[in-house]
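In: here is the input, now give the coordinates:
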Amino acid sequence: MNDKNRDSWKASVRMRAEERLKQQLRDVRPLTEEDIQRLLNEIGTYQIELEIQNEDLRRNQRELEAARDKFEKLYDFSPLGYFTFDYDYRVLSVNLAGAAILGLPRSRIIGRKFSHFVHGDSLLAFRSHVSETCLAKSARIVEIRIVREDSSFFYAELHSRAVNNPSNDEPLCQTAVIDISDRIRSEDLKCAQDKIQAAYGELESFSYSLSHDLRAPVRQITSFAELLKKRLKDYPDATTQQHVSSIIAAGMRMGDLIDDILEFSRLGLRQLQLKKVGFHKLARDVMDELLKETQGRDIKWNIGDLPDVYGDKAMLRQVLVNLISNALKFTAGRNQALVEIGHHEVGSEHVFFISDNGAGFDMQYSDRLFGVFQRLHTQSEFEGTGIGLANVRRIISRHGGRTWAEASVGKGATFYFSLPLNPAPPDRGAGEQAI
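Out: Purely as a prediction, here's the structure:
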């Protein structure tokens with residue numbers, strides 16, 4: 001009960017008491033002791049009633065003050081910024097979070113127009129928002145940019161509703177200000193990523209089409225050059241024969257490059273077929289296959305205990321083929337080649353490695369290793385197109401893993417790749433076997 005209502009109630013009680021006294025005086029008669037006692041009892045009863053009512057009023061006042069104190073604390077310490085401003089945008093109240101959002105103490109915000117803090121390109125939207133809120137007297141939401149005192153800005157979502165103004169008939173606007181900058185940045189980033197992904201897909205399709213279309217003319221050039229070489233078999237000019245041989249070699253190399261580009265493009269277009277893969281058996285199969293190409297060489301193999309993983313078996317096989325082939329290629333100059341395939345767990349990852357005692361490389365160029373057409377050795381030293389390691393990185397990246405390498409010139413190299421330790425497997429029966 002406020003002071004105005006309390007004064008009105010007291011006046012009403014006083015008026016009723018005076019009316020009753022007048023009535024009693026009109027009907028006055030000599031009072032007996034019994035009448036006096038009755039009046040005293042009645043007065044005492046009224047007095048007790050007044051004391052009870054006063055106690056109730058004091059308790060209600062204490063509860064009201066406690067509730068008001070609780071509301072003010074909730075208002076002040078709310079994580080959202082709350083503002084109240086009039087139809088002219090003049091700020092009447094602001095909580096601590098609201099002051100912090102603007103980077104000013106409350107004393108420097110109250111009395112100023114909230115539109116002062118609205119970015120120029122959001123002013124029209126803000127003014128329309130306030131007008132609609134106050135006129136329709138219903139809740140409204142709008143997204144705008146707000147400028148802080150230091151001239152920095154942030155994206156905000158305003159949730160507003162109209163409330164009665166105790167001073168006049170014009171409604172007030174109560175507004176909660178929510179900083180949505182992180183959400184806007186996330187949406188912008190996702191939009192950019194979608195555009196990049198779309199462009200990347202178009203580039204892959206273009207590379208695939210271009211490489212596919214180039215295969216036929218390159219093969220024709222090579223085939224006709226070979227026919228020409230046969231025709232010139234007895235031709236005495238050795239220089240001409242050498243030129244034709246160079247054309248054939250270049251055509252074959254171009255064909256290899258085109259095939260590798262096609263394979264690289266296919267890796268991005270192909271859907272992953274995730275299954276449980278026995279990695280130890282897969283490594284053994286690849287080793288046995290490559291041994292047929294290295295007959296006569298002294299190669300010492302050391303294959304550790306490799307776990308089962310979830311992945312695309314064909315793609316993971318390609319990873320092993322590329323990395324083991326590299327190890328065999330770069331150890332060609334060793335009397336005895338050493339190739340080790342191992343594994344260990346680090347955090348939430350399987351980490352596999354393939355090391356050799358081959359030519360190695362300079363670590364200052366390691367950032368070029370996994371790029372397309374990037375080679376650290378000349379063609380005369382070691383053959384290759386520079387696509388194999390790019391394929392490895394792409395396959396492992398699509399599986400959610402990482403690739404890196406360590407080496408020393410003349411002392412060999414170790415290539416690492418990781419796969420998630422516990423990826424979400426496809427739905428399978430309880431009795432699934434590794435393949």
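In: partners of residue 156 in the sheet?
Out: Beta-bridge partners recorded for residue 156 (DSSP bridges): residue 144, residue 179.
In: ok, it touching residue 176?
Out: No. Here residue 156 does not reach residue 176: they are 9.9 Å apart, not a contact under CB atoms under 8 Å. Just so you know, the C-beta spots here come from the backbone N, C-alpha and C atoms, and that holds for glycine as well.
In: neighbour count: these two, which is higher?
Out: Neighbours were counted for residue 156 and for residue 176 using other CB atoms under 10 Å; residue 156 has more, 25 against 19.
In: how about the nearest residue to residue 81, chain neighbours excluded?
Out: Excluding the flanking residues, the one nearest residue 81 by CB to CB, 6 or more residues apart in numbering is residue 98, at 3.3 Å.
In: give me the neighbour count for the closest residue to residue 422 other than its chain neighbours.
Out: Distances taken as CB to CB, 6+ apart place residue 348 nearest to residue 422, at 6.9 Å, with adjacent residues excluded. The number of residues packed near residue 348 is 10, by other CB under 10 Å.
In: mind checking how far stretch 401-415 is from the chain centre?
Out: Relative to the centre of its chain, stretch 401-415 is centred 32 Å away, using CA atoms, centre = their mean, to the nearest Å.
In: that one: end-to-end distance?
Out: Length of stretch 401-415, first residue to last, CA to CA, to the nearest Å: 13 Å.
In: residue 134 and residue 173 touch, don't they?
Out: Yes. Counting by CB under 8 Å, residue 173 is a contact partner of residue 134 at 5.8 Å.
In: which neighbours do those two have in common?
Out: Listed as contacting both residue 134 and residue 173 by CB atoms under 8 Å, 6 or more residues apart in numbering are 87, 162.
In: which one's more surrounded, these two?
Out: Between residue 134 and residue 173, residue 173 has the larger neighbour count (other CB under 10 Å), namely 24 against 21.
In: quickly find the element holding the more buried one.
Out: Counting by DSSP states H and E, the element that carries residue 173 is strand 172-179.
In: would you map the strands across the stretch 151-300 of the chain?
Out: Along the stretch 151-300 of the chain, counting by DSSP state E, counting those that start in this stretch, strands occupy 153-163, 172-179, 274-278, 299-303.
In: got the CA coordinates for the second one in PDB?
Out: What it means is strand 172-179. Extracted in PDB, the C-alpha atoms of strand 172-179 (Å, rounded to 0.1, in the frame of the first residue of the first chain):
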ATOM      1  CA  LEU A 172       7.100   4.000 -22.600                       C
ATOM      2  CA  CYS A 173       9.300   1.500 -24.400                       C
ATOM      3  CA  GLN A 174      11.000  -1.200 -22.300                       C
ATOM      4  CA  THR A 175      13.800  -2.900 -24.300                       C
ATOM      5  CA  ALA A 176      16.100  -5.900 -23.700                       C
ATOM      6  CA  VAL A 177      19.300  -5.600 -25.800                       C
ATOM      7  CA  ILE A 178      21.100  -8.900 -26.700                       C
ATOM      8  CA  ASP A 179      24.500  -8.900 -28.300                       C
END
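In: for that strand, name the packing helices and strands.
Out: strand 81-85, helix 96-102, helix 123-136, strand 153-163 (3 or more CB pairs under 8 Å, 6 or more residues apart in numbering; DSSP states H and E).
In: any chance of those in JSON lines with distance to residue 360 as columns?
Out: Supplementary listing: those in JSON lines, determined by distance: least, CB to CB, whole Å:
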{"stretch": "strand 81-85", "distance to residue 360": "60"}
{"stretch": "helix 96-102", "distance to residue 360": "57"}
{"stretch": "helix 123-136", "distance to residue 360": "63"}
{"stretch": "strand 153-163", "distance to residue 360": "52"}
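In: between the ones you listed, which one is closest to residue 53.
Out: strand 153-163 (32.3 Å; CB to CB).
In: what does the closest one contact?
Out: So strand 153-163 is contacted by 84, 101, 119, 126, 129-130, 133-134, 136-148, 171-181, 183-184 (CB under 8 Å, 6+ apart).
In: now do the SS call for the closest residue to residue 408 other than its chain neighbours.
Out: Distances taken as CB to CB, 6+ apart put residue 360 closest to residue 408, at 5.1 Å, once the chain neighbours are dropped. Secondary structure for residue 360, judged by DSSP: H, G, I helix; E, B strand; the rest coil, is coil.
In: tell me the contacts of residue 401?
Out: Shown in contact with residue 401 (CB under 8 Å, 6+ apart): 349, 417, 418, 419, 420.
In: helix or strand: which one has it?
Out: Using DSSP H and E, residue 401 sits in no helix or strand.
In: tell me the phi and psi of it?
Out: phi -110, psi -170 (degrees, to the nearest 10).
In: mind checking how far it is from residue 298?
Out: Distance, residue 401 to residue 298, by CB to CB, to the nearest Å: 33 Å.
In: quick one: low-confidence ranges for the stretch 101-250 of the chain?
Out: The model of the stretch 101-250 of the chain has pLDDT under 70 over residues 199-216, 235-236.
In: next, count neighbours for residue 304.
Out: For residue 304, using other CB under 10 Å, the count is 13.
In: now do the contacts for it.
Out: Residue 304 makes contact with 340, 341, 342, 343, according to CB under 8 Å, 6+ apart.
In: repeat that for 7 Å
Out: Neighbouring residues of residue 304 by CB atoms under 7 Å, 6 or more residues apart in numbering: 341, 342, 343.
In: closest to residue 66 among those residues?
Out: Checking those against residue 66 with CB to CB, the nearest one is residue 343 at 65.7 Å.
In: and the angle for the helix or strand harbouring that closest one with strand 299-303?
Out: For residue 343, the host element (DSSP H and E) is strand 337-346. Here strand 337-346 points in a direction 10 degrees away from that of strand 299-303 (axes from the mean of the first three to the mean of the last three CA atoms, to 10 degrees).
In: report the strands that pair with strand 337-346, each with its relative direction.
Out: strand 299-303 (parallel), strand 349-356 (antiparallel).
In: give me the contacts around that strand.
Out: With CB under 7 Å, 6+ apart as the contact definition, strand 337-346 has outside contacts at 283, 297-304, 306-307, 324, 327-328, 331, 350-357, 421.
In: show me which of those are buried.
Out: Burial by neighbour count, 16 or more other CB atoms under 10 Å: within these this picks out 283, 299, 306, 324, 327-328, 331, 350-357.
In: what about residue 78, which helix or strand?
Out: Here residue 78 sits in a region with no helix or strand, counting by DSSP H and E.
In: enumerate every residue touching it.
Out: 95, 97.
In: so how far is residue 158 from it?
Out: Distance, residue 78 to residue 158, by CB to CB: 15 Å.
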